[in-house]
Each structure stands twice: as C-alpha cells, then as structure tokens.
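**Q** I need the structure of the sequence given here:
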Amino acid sequence: MSSGQEVGEIFGNGTGPATALLRSPTVIIASVGLWGMNVYLFRLFRIDYVKVLMLDLVKEREAAMKNEEVNAVEEDEGSDVTNGSGNRRNGVTMGSNGKTKIGHDSSNDVTASKLIVFSLSLLVLLHFSTKLWIDVVGGSTIGAIFVFYSAVLVGICLPLPSTSWIRTACDTVFHRAFELINPRCFCFGSGMPRAVPFVDVFFADAMCSLSKVFFDWGMLWHLAWHYPNPVPTGWHSIVIPSVAASLPYLIRARQCLIMYTIGFMKNDPKKYQHMLNAIKYSTSLWPLCVSAYEKTVESPEEKATLEKILIALLAINSTYSLAWDVVMDWGMMQNPQQFMAPIVSETCVPSGSSGSKVAAPTCAHAVLRPRLRFGASTSVTILLVDTILRYSWLLRFYEQRLFPSNDVYILCTQFLEAVRRALWNLLRVEWENIKQNRGSKEGDDDEMESEYDPFISSPSNMEMSPRAAQKKDRQHVQKQ
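**A** Numbering: from 1, shown residues only. So this is what the prediction gives:
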C-alpha cells in the first residue's frame with residue numbers, strides 16, 4: 001500500500017517539459033531490480049518462493065482433476081482419466097502419476113542476476129531514448145516515453161533465446177493480471193465463488209505499492225489525448241488519473257470481499273478478518289479522494305482544512321496498515337500476553353548473547369514469533385524500516401526544504417514505497433511458507449531444504465534438521 005496516497009501535478013503544457021512522466025518507468029525499473037534482490041535472498045535463505053506462490057494453484061488444479069475423475073466414474077464412460085506430463089501453465093505441471101508438481105524449464109528460470117541485469121538495461125534504455133528523442137530529434141517527453149515503451153516491447157517480442165525467460169515472465173504477469181479482474185463467482189448459479197490464490201493476493205498487493213504509477217499512466221494518456229495542446233483545467237483532468245490510481249485498492253478490496261463471502265458460506269469463524277482487510281484497503285481510497293479534490297479548490301482556507309483532513313486520513317491508513325503488516329501478514333505479535341510474559345519475567349536473552357549452555361529464546365523471538373527464517377536481527381530491522389517507511393508521507397512537511405519540486409517529492413515517495421514493498425515481501429513469503437508447512441506430511445519433507453539462518457544462527461539452530469524445523473513451524477502455527 002502506498003505510503004502516501006495523494007495526487008501530483010496534473011496540468012501543464014502538452015509540448016513542454018513533463019518530467020513527471022518519467023516517474024512511472026523509473027519506479028517500475030526499480031521494482032524489477034528490487035524483486036531480483038528478493039529472489040536472491042529467498043534462495044540464500046533457502047525459501048522456495050515459487051512453491052509458496054503457486055501452491056494454491058496446485059491444490060486448485062488437483063481438486064479439478066479429482067472432480068473430473070469423479071464425473072467420469074459417474075458417467076461410466078469406461079475411459080480412464082489421465083493427465084499427460086506435458087500439461088503445464090504458469091509453472092503448474094501435471095505429472096504422469098496424477099500428482100501436480102511445480103516446475104518450469106530451467107532455461108526460463110528467473111534468477112536474481114537476470115532481473116538485476118534486465119533492470120539496469122531498462123534504465124540505460126530509458127536514459128538514451130529520452131536523450132535521443134528530446135535532445136537530438138527535438139521531440140517531447142511524451143514522445144520519449146512512448147519510444148521507450150515501444151523499444152521495450154520490440155525487444156521482448158524478438159524471438160531471442162536469451163530473452164525467452166522475459167517472455168515467460170510477462171506471460172505469467174499478464175495471466176495473473178487477467179485473473180485479478182476475472183469474475184470468480186457463478187453469476188447465474190448458486191455455487192460458491194472460487195477462492196483467491198495467494199499468488200493473486202501477492203500480485204495485487206504489489207500493485208497497491210504502484211498506485212502512483214497507475215496515476216502517472218492515467219496522466220500520460222490524458223496528456224497524450226490532448227497533445228500538443230495544454231490539458232484543460234477541469235474535473236475530468238483530476239478524475240481520470242485518480243481513478244487509475246485507485247484501481248489496485250479496489251481490486252484488492254474485491255478479493256477480500258470474495259474471501260469473506262466464501263467464509264460466510266462455509267461458516268468460517270474467522271471470516272471477519274477478510275472484512276477488516278477490505279476496510280483497510282478502503283482507508284487508502286479516502287486520501288486519494290481528498291487529495292484529488294484539494295487540487296480543484298482555490299480558497300486558501302478550504303485548502304488548509306482539506307490538508308488537515310488529509311493528514312488525519314494518512315495517519316489512520318498508515319497505522320492500520322502497519323498493524324496489519326505485523327500481525328496478519330507476518331504472523332508476529334499475535335498473542336500479546338504470550339510475548340509479554342517472557343519480557344516481564346526476563347526469561348529471554350538479547351540476540352547474540354552467550355554464556356548459557358541451555359538454549360534460551362531471544363527477546364526478538366519472544367516478541368515476534370518463535371520461528372524467524374531470516375534471523376532475529378534481520379527480521380527486527382525489516383520491521384523497523386517498514387514502520388519508518390509507512391510514515392514516509394511525513395516528508396510532505398519538509399517538501400520545500402528537501403525537494404526542488406513536487407514531482408521530485410512524489411518520485412522519492414514512490415521509491416521509498418518500492419523499497420518498503422521489497423522488504424515486506426521477504427517476511428510475507430516467509431510467513432506463508434511457515435503456514436503452508438504445517439499441513440505438509442513427513443513424507444514430503446524431502447522437497448524442502450534446510451531452514452537455518454546462514455548469518456545469524458545459534459549452534460543449536462544450525463544442528464536442527466529440515467524435518468525438525470518444519471515440525472517446529474507446524475507446532476507454532478497450530479498453537480495460534
């Protein structure tokens with residue numbers, strides 16, 4: 001979720017310098033590079049992030065296969081229901097033994113080095129395309145942006161073996177993007193809606209951090225529509241980019257309502273959590289609305305009043321989102337009485353302390369949760385940085401002192417939000433992996449790798465086998 005849901009400058013000459021248009025490709029390039037950092041850390045700490053993201057799709061595919069088998073038996077067609085080993089989509093492969101596997105061609109592996117090199121290449125292409133189009137050709141910034149996007153599209157579509165992984169990744173992204181708007185209910189029946197898989201939840205959350213990118217895209221197309229004339233001052237100039245910026249939050253709130261509906265139909269006692277999550281995303285829409293309306297107000301008194309309302313809404317959204325990050329998305333501090341007891345009784349020890357042969361839980365483990373795949377120090381650091389970046393909108397009070405223009409301020413907040421999302425991804429995938437492991441059987445443990453922290457691990461933790469570590473994870477989650 002964006003650290004500061006507010007709109008930027010919209011009005012300006014269609015042929016004049018519009019550096020704000022360079023924000024969206026720059027932030028997207030940075031997000032690609034930061035995802036490469038995520039991939040590197042997931043593999044360093046031996047977390048199978050592909051399995052974590054795709055497991056719900058695997059279960060959905062297996063359930064569909066079982067239903068087909070049941071229907072075939074009921075129809076008594078006398079034909080065996082088989083699934084060839086070549087049936088595959090988005091990393092989900094049906095094995096010849098009837099069991100779904102997660103896999104892909106090794107040549108199309110998305111590695112950290114590929115992502116980082118790709119992001120650097122895009123950054124160089126963006127620089128040279130804008131310089132060439134503006135300084136040499138004498139074109140506008142709008143034209144330079146379209147030249148950049150066109151060059152990227154052509155480069156991806158060229159049938160080169162070295163870029164096949166990019167085409168595969170783009171196919172997956174476009175397919176998951178379609179699933180975000182694809183109706184998951186039976187509109188003309190009384191069946192239960194299809195549950196939203198974790199990969200779509202993860203993807204929609206990433207889109208929320210790119211809300212201002214959607215705003216810039218809406219502004220870009222609005223400028224292009226009126227090009228080369230100036231954008232006329234009017235309500236549509238505010239509404240179109242603001243609606244584009246609100247789309248990620250609306251999509252994510254819709255997912256929460258779908259899961260609430262499923263929980264209601266199943267009489268799930270925890271269905272209220274999905275409604276609370278939907279309310280959280282709705283708190284991101286109000287700052288967008290107030291900020292957009294503030295751009296149309298001319299009275300200084302009314303602007304001052306709206307500014308106070310906007311600050312209050314941003315504070316509510318940041319606090320609500322931070323609490324949800326820690327408790328629900330990362331599985332930490334879920335039982336205040338449980339984590340306060342060791343601190344009050346002083347039974348925990350600071351991280352890195354030694355001297356006792358008996359392994360005692362660190363204070364970080366006692367406060368957060370017993371299992372921290374990234375280590376206590378790393379997890380605490382991520383939590384603190386996420387807390388600071390959740391309130392990065394406070395930079396608005398120092399905008400004139402720190403930033404030369406409003407566009408630079410918005411670009412800075414976009415970068416900070418991209419960094420926050422990359423850190424959030426680490427603990428979110430870690431917690432989802434722990435929850436998924438609680439249902440795995442001992443016979444499936446061979447597919448999992450060791451879970452010790454290569455940097456911050458006590459000798460007792462390093463001696464723990466992968467199977468024992470998974471058993472500890474399942475016991476912790478079951479207690480909660």
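
**Q** any stretches of this protein with poor pLDDT?
**A** 1-20, 73-107, 184-190, 233-234, 335-366, 439-480 (pLDDT under 70).

**Q** quick one: the strands in it?
**A** Assigned by DSSP state E, the chain shows strands spanning 88-89, 92-94, 100-102.

**Q** if you count neighbours, what's buried in stretch 307-325?
**A** Buried residues in stretch 307-325, defined by neighbour count with 16 or more other CB atoms under 10 Å: 309-311, 313-314, 317-318, 320-322, 324-325. C-betas here are computed from N, CA, C, even on glycine.

**Q** dump it to CSV, restricted to CA.
**A** Output of stretch 307-325 as CSV, limited to C-alpha atoms (Å, rounded to 0.1, in the frame of the first residue of the first chain):
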residue,chain,number,x,y,z
GLU,A,307,-4.9,19.4,4.3
LYS,A,308,-5.7,18.7,7.9
ILE,A,309,-8.3,16.1,6.9
LEU,A,310,-5.8,14.5,4.5
ILE,A,311,-3.1,14.3,7.2
ALA,A,312,-5.6,12.6,9.6
LEU,A,313,-6.6,10.1,6.9
LEU,A,314,-3.0,9.3,6.0
ALA,A,315,-2.2,8.7,9.7
ILE,A,316,-5.2,6.3,10.1
ASN,A,317,-4.2,4.4,6.9
SER,A,318,-0.5,4.1,7.8
THR,A,319,-1.2,3.0,11.4
TYR,A,320,-3.9,0.5,10.3
SER,A,321,-1.7,-0.9,7.5
LEU,A,322,1.3,-1.2,9.8
ALA,A,323,-0.6,-3.1,12.4
TRP,A,324,-1.9,-5.4,9.7
ASP,A,325,1.6,-5.9,8.3
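
**Q** residues in contact with stretch 242-258?
**A** Contacts of stretch 242-258 with the rest of the structure, by CB atoms under 8 Å, 6 or more residues apart in numbering, involve 1, 5, 7, 180-181, 184-185, 193, 195-196, 200-201, 204-205, 207-208, 210-212, 214-215, 217-218, 274-275, 277-278, 281-282, 284-285, 288-289, 292.

**Q** of the residues you listed, keep whichever come out buried.
**A** Applying 16+ other CB under 10 Å to these flags 1, 5, 7, 180, 184, 195-196, 200-201, 204-205, 207-208, 210-212, 214-215, 217-218, 274, 277-278, 281, 284-285, 288, 292 as buried.

**Q** so which of the residues you listed are in helices?
**A** Applying DSSP state H to these, the entries found in helices are 180, 200-201, 204-205, 207-208, 211-212, 214-215, 217-218, 274, 277-278, 281, 284-285, 288, 292.

**Q** ok, so what distance separates the residue nearest in space to the middle of the chain from Tyr49?
**A** With distances taken as CA atoms, centre = their mean, Ala206 lies nearest the centre of the chain, 2.8 Å away. For Ala206, the distance to Tyr49 equals 13 Å [CB to CB, to the nearest Å].

**Q** so Trp330 sits against Trp431, correct?
**A** Yes - Trp330 is in contact with Trp431 according to CB atoms under 8 Å; the separation is 5.2 Å.

**Q** out of those two, which sits in the more crowded spot?
**A** Trp330 (24 against 20; other CB atoms under 10 Å).

**Q** nearest residue to that one other than its sequence neighbours?
**A** The shortest distance from Trp330 to any non-neighbouring residue, by CB to CB, 6 or more residues apart in numbering, is to Leu427 (4.4 Å).

**Q** that neighbour against Phe374, yeah?
**A** Yes - counting by CB under 8 Å, Leu427 touches Phe374, with 7.4 Å between them.

**Q** quick check: neighbours shared by the two?
**A** Ile382.

**Q** the two: which has the busier surroundings?
**A** With neighbours defined as other CB under 10 Å, Leu427 and Phe374 compare such that Leu427 has more, 24 against 21.

**Q** how close does that one sit to Val201?
**A** Noted for Leu427: a distance of 15 Å to Val201, by CB to CB.

**Q** ok, now Met37?
**A** Note on Met37: its distance to Val201, by CB to CB, is 21 Å.

**Q** try Lys303
**A** According to CB to CB, Lys303 and Val201 sit 37 Å apart.

**Q** same question for Ile262.
**A** Ile262 is 13 Å from Val201, by CB to CB.

**Q** check Gln334 too.
**A** 19 Å.

**Q** which one is Gln270 nearest to, not counting chain neighbours?
**A** No, residue 270 isn't Gln; it's Lys. Gly263 (6.9 Å).

**Q** for the one you found, what are its contacts?
**A** Gly263 neighbours (CB under 8 Å, 6+ apart): 270-271, 274.

**Q** which phi and psi does Pro159 have?
**A** Main-chain torsions, Pro159, degrees, to the nearest 10: phi -80, psi 60.

**Q** what's the burial count for it?
**A** Applying other CB under 10 Å, we find 7 residues neighbouring Pro159.

**Q** show me what contacts Leu322?
**A** Here Leu322 is in contact with 386-387, 390 (criterion: CB under 8 Å, 6+ apart).
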